[in-house]
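>>> Structure, please.
(chains A and B)
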Amino acid sequence: MVAVLAVTPVVLLTLFVGVRGVAAMRTTSDFLVASRQVSPLLNSAAVSGEYLSAASFLGIAGMMVKDGVGALWYPVGFTAGYVAMLVLVAAPMRRSGALTVPDFAEARLSSAVLRKLTAVVVLLIAVLYLVPQFRTAGLVLSAVGATPYWVGVVIAGAVISVTLALGGMRAATYVQAVQFCLKLLLFAVPAVWLVVFSGAGVRQQALHPVEFDRFEQRTRVEFRIGVTFRITEPTRIRLPEGGTRVLRPGAHDIRAGEVLVFPAGEPVPRVGAGGLPGGERWRLPLLDVADAGHPLFGTWAVLVATMFGTMGLPHVVVRFHTTPDGASARRTAALTVGLLSVFYLFPGIYGALGRVLLPRLYLSGGTDTVVVALPARVDSGWVGTLFTVLLTGGAFAAFLATSLGLLLVLAGALSHDLVPGGLGRLRGTAPLAAGVIILLALSAAPLETNILVTWAFTLAAATFCPLLVLGIWWWRLTATGAISGVLVGLLGSSAGIVVTLFGPELHGWLAILLAQPAPWSVPLAFGAMVLVSLRGRSPSWARSAMLRLHLDRTARTESGS
Amino acid sequence: MSGGKRVPVMSPQTRMARERRTSRRNWSFPPLDPTEHERASALHRAQHRQGVVTLCWLFVLVFGLPLLQAVVPMPVSLRLAGIPVAWLVPVLVPLPAMVLLAWRQLWRAERLERR
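Modelled structure (predicted):
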């Protein structure tokens, strides 16, 4: 019921604004002309609206409950990415007239092979970014509506496909801009309400954390997804059907759907190798990636991946095209930094309160649902339900905006760059792709959102970031150099993450370098591009192809392409 | 209502996906004329220099703050309005600083193009 109440208005609003936007634009003969009048402020709201995904709306607070205060560095990396984009990419990319990275690759280096290769990377990034969005939607709907995980995933996939089919993305700028305001409102207002109404006791506990090592009260934990936890001393549990069982020390696999009740005073099992919420390591404002014991390096690694990755995310690059020229693309990037900064003031509040009120989510692997689960813990009446509805709606808006953009990028890369076909095929590709993503998301339930998002960002950082930066600023870049760099970045980062996901358990430096490959794969990709390019010869027109991107106005191109 | 040709209205993404099907655009641009070439070279150099300065500040900020927190850990007892200062640092220092940095870069980049 809550799910229906939350999802329906968001979808309807999206469609309504989309249709209204189209109607508003019919007065001009061409949408392009209309979009050239889009102000940088409206456009930056649209960029932020597309960028704030389920990972931002729910993921950061969830990571904070599980991994500690260090999770607050993720937003810093996300925002820093836009500063780097402002400096390096925004204006020249807009002037190139290219809409996507494959387009840019062909425009700057005129290589069909590079175009196909970058299209494959777009495909990979889009899938890796979409799967966690769908997974989170499944988890959230199951948390608020008590439905199985798959129901949420399928509903999410269906809603995306229907919205796309009905043309909800037609007036994309307005939809995204409205969604940004919606998300900010639906995130900020409940945060303030939670702080005020959670009570002095909870606030005190949130700011003076103690380690969650024993259950303070009888705690019922529902495992919506399968989890493995370790216990170090015999632990009593009550079974829901009655009776008591004692779990022996060691590792225990809990299947999805099981319910365990821990009596007060029992020790809290550990999930993964990290510390318990509220402990010494939780309080440290750094990220101990892979629990390798090198928090400073872990934090840097995450910052490198998120910052450089943001520059190459395919659905973000597309959005800069709605600006009239290079200068307003730059203004859009600058304003986006401001809008994101406002939004990112709030995830920490949810994280800090969630650790006090919902520490059991740490155990059930459902920390991504902490944001939507909080209001019910603060108020069990209709006010709590109202805020649950608001937050679920906001989360769904986040999920919808990002997924729609990604699905279109994915469909474009598939049906044009890889297997050229007609419009019919493009129309058919989107629902088909959504179907594949649903299947992947169904089997991805036990994977951490974090790992997949990291993978997507690292891929973008190690392939598109060097391609764009060198393509824009270094005229000697050759097509062969770009291809080698993209391949090195693609294989290097993917190898690291595949080993982390499916390989043996690793410790120390090796674990951190494989779980967060960006610190070595990004320099490696840059290095490969530079070295291979220097060994070859760039064509005679290379210099003017690059310089053209920096020319702010010309007599011929004043009217644009 | 303006007279002109009626064109289907759609988002940039949709338009892109539809257009790319038909137009295998040839990207060979006409060469830059000498004055354009000169201006573009000058802008490239100037923006490059300005960009490096901003990126240096960004890296110092983004990578320096975690370093600072690792080398000089702040005691949990150090609080501002009851909140541990160590927790406020990743939020209240880099975000406003980056907003200022972005504005400074924007202003300087636009000034270079006004010349």
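
>>> does chain A sit close to the longest helix anywhere in chain B?
Longest helix in chain B, counting residues (DSSP state H): helix B:34-71. Yes - Helix B:34-71 is in contact with chain A by C-beta under 8 Å from any C-beta of the partner chain, via B:36-37, B:39-41, B:43-44, B:47-48, B:51, B:54-55, B:58, B:61-63, B:65-67, B:69-70. Every C-beta, even on glycine, is put in place using the N, C-alpha and C of the backbone.

>>> Provide a ChimeraX selection command restricted to the buried entries of those residues.
Buried residues within those, by 16 or more other C-beta atoms under 10 Å in any protein chain shown, are selected in ChimeraX with:
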select /B:36,37,39,40,41,43,44,47,51,54,55,58,61,62,63,65,66,69,70
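
>>> Distance from the helix or strand A:I125 falls within to the middle of the chain?
Here A:I125 is covered by helix A:112-145, with elements defined by DSSP states H and E. When distances are taken as C-alpha atoms, centre = their mean, to the nearest Å, helix A:112-145 is centred 9 Å away from the chain's centroid.

>>> Tell me which other helices or strands the helix or strand just after that helix touches.
Going down the chain from helix A:112-145, the next helix or strand is helix A:149-165, by DSSP H and E. Helix A:149-165 is packed against helix A:2-25, helix A:112-145, helix A:382-412, helix A:423-443, with contacts defined by 3 or more C-beta pairs under 8 Å, 6 or more residues apart in numbering or on different chains; DSSP states H and E.

>>> and the ones you listed, which one is worst for confidence?
Sorting the helices and strands packed on helix A:149-165 by mean pLDDT places helix A:2-25 lowest, at a mean of 69.

>>> Helix or strand: which one has the spatially closest residue to A:A206 that is not a sequence neighbour?
Nearest in space to A:A206, with sequence neighbours left out and distances taken as C-beta to C-beta, 6 or more residues apart in numbering or on different chains, is A:A352 at 4.4 Å. Assigned by DSSP H and E, A:A352 belongs to helix A:347-357.

>>> show me where pLDDT drops low in the chain?
This is for chain A. Counting by pLDDT under 70, the ranges of chain A that qualify are A:1, A:18-38, A:165-172, A:272-274, A:420-427, A:554-561.

>>> ah, no, chain B please
Using pLDDT under 70, chain B drops low at B:1-5, B:7-30.

>>> In contact with the residue nearest the centre of it: list those residues for me.
Nearest residue to the geometric centre of chain B (C-alpha atoms, centre = their mean): B:A102, 6.9 Å. Taking C-beta atoms under 8 Å, 6 or more residues apart in numbering or on different chains, we find B:A102 in contact with A:Y82, A:V83, A:L86, A:A333, A:A334, A:V337, A:G338.

>>> List phi and psi for it.
phi -60, psi -40 (degrees, to the nearest 10).

>>> What's the local residue count around A:M307?
A:M307 has 28 neighbours, counted by other C-beta atoms under 10 Å in any protein chain shown.

>>> separation between A:L467 and A:A98?
12 Å (C-beta to C-beta, to the nearest Å).

>>> got the residues of the stretch 451-561 of chain A near chain B?
Taking C-beta under 8 Å from any C-beta as the contact definition, the stretch 451-561 of chain A meets chain B at A:W473, A:W541, A:S544, A:A545, A:M546, A:L547, A:R548, A:H550, A:L551, A:D552, A:T554, A:R556.

>>> Keep only those of these that are in helices.
Members of these lying in helices (criterion: DSSP H): A:W473, A:S544, A:A545, A:M546, A:L547.

>>> Relative to A:L353, how far out is A:L194?
Distance of A:L194 to A:L353, computed by C-beta to C-beta: 6 Å.

>>> same check, this time on A:T336
28 Å.

>>> Which of the two has more residues huddled nearby?
More neighbours surround A:T336 than the other of A:T336 and A:L353, with 30 against 25 (other C-beta under 10 Å).

>>> looking at it, that one is touching A:S44, isn't it?
Yes - the criterion here is C-beta atoms under 8 Å, and A:T336 meets it with A:S44 at 4.3 Å.

>>> contacting residues around A:A397?
Per C-beta under 8 Å, 6+ apart, neighbours of A:A397: A:V10, A:T14, A:Q179, A:L182, A:K183, A:L186.

>>> okay, among the residues you listed, which ones form the most distant pair?
Maximum pairwise distance in the contacts of A:A397, criterion C-beta to C-beta, is 13.8 Å, between A:T14 and A:L186.

>>> Can you give me every residue that contacts A:A441?
Counting by C-beta under 8 Å, 6+ apart, A:A441 makes contact with A:L130, A:V131, A:F134, A:R135, A:G138, A:V153, A:G157.

>>> try B:L43
Each residue near B:L43 by C-beta under 8 Å, 6+ apart is listed here: A:H550, A:L551, A:D552, B:L112, B:E113.

>>> burial of the last one, as a residue count?
Residue neighbour count, defined by other C-beta under 10 Å, stands at 18 for B:E113.

>>> before we move on, what about A:A251?
That count, for A:A251 with other C-beta under 10 Å as the rule, works out to 10.

>>> Then the one 10 residues further on?
Using other C-beta under 10 Å, A:V261 is surrounded by 16 other residues.

>>> Residue numbers of the stretch 51-200 of chain A in contact with chain B?
The stretch 51-200 of chain A comes close to chain B at residues A:69-70, A:72-73, A:75-77, A:79-80, A:82-84, A:86-88, A:91, A:99-100, A:103, A:106-107, A:110, A:167, A:169-173, as judged by C-beta under 8 Å from any C-beta.

>>> Next, format the helices and strands packed on helix A:149-165 as JSON lines and append distance to A:T244.
Formatted as JSON lines, the helices and strands packed on helix A:149-165 follow (distance: least, C-beta to C-beta, whole Å):
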{"stretch": "helix A:2-25", "distance to A:T244": "33"}
{"stretch": "helix A:112-145", "distance to A:T244": "27"}
{"stretch": "helix A:382-412", "distance to A:T244": "32"}
{"stretch": "helix A:423-443", "distance to A:T244": "34"}
